[in-house]
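Q: Whatever this is, show me its structure:
(2 chains)
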Amino acid sequence: MNPWQAAALLVLAASASMAAGPAPGDPARGEALYGRCQACHALAYNRTGPMHCGLFGRRAGGVAGFTYSAAMVESQIIWDSASLDRFLADPTGVVPGTSMGYAGVDNAQERADLIAWLKQATATASECAR
Amino acid sequence: MNNRINPFAPLETLTRRRFLAGSGAVLSAGAVALLAGRPALADQHRSQGGDAEADARILNTALGAELEAIAAYGVGAASGLLRKPALNLAVQFQGHHKAHADLLAATIGKLGGSPVEARSQYEFPTEQLKAEADVLRFAAALERGAVSAYLGAVPLFGERELAKAAASILGDEAMHWAVLRYVLGEDPVPAAFVS
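A: Okay, here's the model as predicted:
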């Protein structure tokens, strides 16, 4: 194999890797990442941000008793893995006017991990069963 | 189970002297400049094409978290679980959060916004707080979250002075987090970067 062929193979391999996206989310890593959210969020109760129990399948702005920005209420987002991934990457870009004044989680793998943990925790945590 | 409590009731059990000592935090030079030297912040914002409303919204979210932190430290200080020197730290850190809240509220007003007020009740997982270490871990989690929240807010500000003030608060929260980790026997600075 000449150097040009080797370089072409490397480019192809890199492209395939990029197209594949992040590895499946790791809930254990996601739990550690959730520490970043704990200035404002908790699983089972509303704080500066809304609770996360019941998140998957919930319409944005849908937690009773929590005061949302008008922008979030009007966003018509239904939270699932895909919509969370988009929002977490760029909260103020996806929902301009959101109260979540946070630049976002740039790293796709970190978002996948965080979402994996949220999915697991909101389905299994005893706090969310009440 | 999480208990709904009046977080400010415990503050009444602290001596006025202690509370005042705790709240006598020194604002950074940037923060003082923000408060004292920028009376027309909103006008400047407009003249520079900035979005004062968006900046005020970010600050209001931060203010809500600061007010909750003040309440949380009040609960911790009055829990009977903290002994000196941890108790003194809790009161001192609460004072810092009060200084942050005062600065944020004043700045939101300068931007033409309405600062959020403290809730009459907050929810805290008090049933999980059985010993001093539990209280310190709870506080450390709040401080760690605050570091990330400010880190995520800094790049969003249209007004650079606000980003500077937020970064100043971020530094203070990071020191709180490190000290709490140290008191807990953990590595106070586990990584070269915060995220």
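Q: Around chain B, pick out the residues from chain A.
A: Residues of chain A found near chain B (Cβ under 8 Å from any Cβ of the partner chain) are A:35-40, A:42, A:44-48, A:69, A:92, A:97, A:99-104, A:130. Any C-beta I mention is one placed from the backbone N, CA and C, and that applies to glycine too.
Q: Pull the number of nearby residues for the residue lying closest to residue A:117 once chain neighbours are set aside.
A: Closest residue to residue A:117 apart from its sequence neighbours, by Cβ to Cβ, 6 or more residues apart in numbering or on different chains: residue A:30 at 2.8 Å. Residue A:30 has 21 neighbours, counted by other Cβ atoms under 10 Å in any protein chain shown.
Q: any low-confidence regions in chain A?
A: Applying pLDDT under 70 to chain A flags residues A:1, A:3-4, A:6-19, A:130.
Q: that older thread, list buried residues within the residues of chain A next to chain B.
A: With burial judged by 16 or more other Cβ atoms under 10 Å in any protein chain shown, the buried subset of those is A:36-40, A:42, A:44-48, A:69, A:92, A:99-104.
Q: Narrow those to those in helices?
A: residue A:92 (DSSP state H).
Q: Does chain A have contacts with the helix or strand residue B:165 falls within?
A: Following DSSP states H and E, one finds residue B:165 within helix B:160-183. No - judged by Cβ under 8 Å from any Cβ, helix B:160-183 and chain A are separated, with a smallest distance of 8.6 Å.
Q: Quick one: residues in contact with that helix.
A: If you take Cβ atoms under 8 Å, 6 or more residues apart in numbering or on different chains as the criterion, helix B:160-183 is touched by B:28, B:30-31, B:33-34, B:38, B:41, B:55, B:58-59, B:62, B:85-86, B:89, B:93, B:96, B:100, B:103, B:107, B:136-137, B:139-140, B:143-144, B:146-147, B:150-151, B:153-155, B:157, B:187-190, B:194.
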